[in-house]
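Engineer: Quick one, what's the 3D model for this:
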Amino acid sequence: MEPAGLPFFKKIQRVQNGIEEVHWMEDGARYHNTKANRAWRMKKAFPSMQWPAQSPDLNPIEHVWAIIKKRISRKRNTIRTAEEMSQAVLKEWEALTVADYIKCIDSMQE
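Structural biologist: Got it, this is the predicted structure:
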């Protein structure tokens, strides 16, 4: 079974003209590292990076999601449906500032 993100990955590779710096990144979560997944990657010689499981310190997007979750949690009593949640996430995503991103990057350990 191919990874769900494979079509997007192939599109990125085409944009990069096959440059080998394009790598698939998965954290070390168990479901990413099953025998079937490892066998598929080996069979396809799939370029992927080793990435520690649950490593928000290495991935600033995790800090961005934390900001969004915190902001949405203030409104949790007004959100009643999945559509309202979707709209709240989109609104908070669009409200992020450069200062928010800098804060996330600065929070990463060297």
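Engineer: The host helix or strand of residue 87: what's the following helix or strand?
Structural biologist: Taking DSSP states H and E as the definition, residue 87 sits inside helix 82-95. Taking DSSP H and E as the definition, the helix or strand that follows helix 82-95 towards the C-terminus is helix 98-106.
Engineer: on contacts alone, who are the packing partners of that following helix?
Structural biologist: Where contact means 3 or more CB pairs under 8 Å, 6 or more residues apart in numbering; DSSP states H and E, helix 98-106 is packed against helix 60-73. From N, CA and C alone the C-beta is placed, and that goes for glycine too.
Engineer: now the helix holding residue 87: how far from the chain's centre is it?
Structural biologist: What separates the centre of helix 82-95 from the centre of its chain is 17 Å, taken as CA atoms, centre = their mean, to the nearest Å.
Engineer: Ok, stretch 102-110 next?
Structural biologist: With CA atoms, centre = their mean as the basis, stretch 102-110 stands 17 Å off its chain's centre.
Engineer: buried set for the helix holding residue 87?
Structural biologist: 88-89, 92 (16 or more other CB atoms under 10 Å).
Engineer: want to throw these into CSV with pLDDT and distance to residue 9?
Structural biologist: Formatted as CSV, the buried residues of helix 82-95 follow (pLDDT from 0 to 100; distance: CB to CB, whole Å):
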residue, pLDDT, distance to residue 9
88, 92, 30
89, 92, 24
92, 93, 28
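Engineer: Tabulate those in a markdown table, adding columns for distance to residue 104.
Structural biologist: Below are these laid out as a markdown table (distance: CB to CB, whole Å):
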| residue | distance to residue 104 |
| --- | --- |
| 88 | 20 |
| 89 | 17 |
| 92 | 14 |
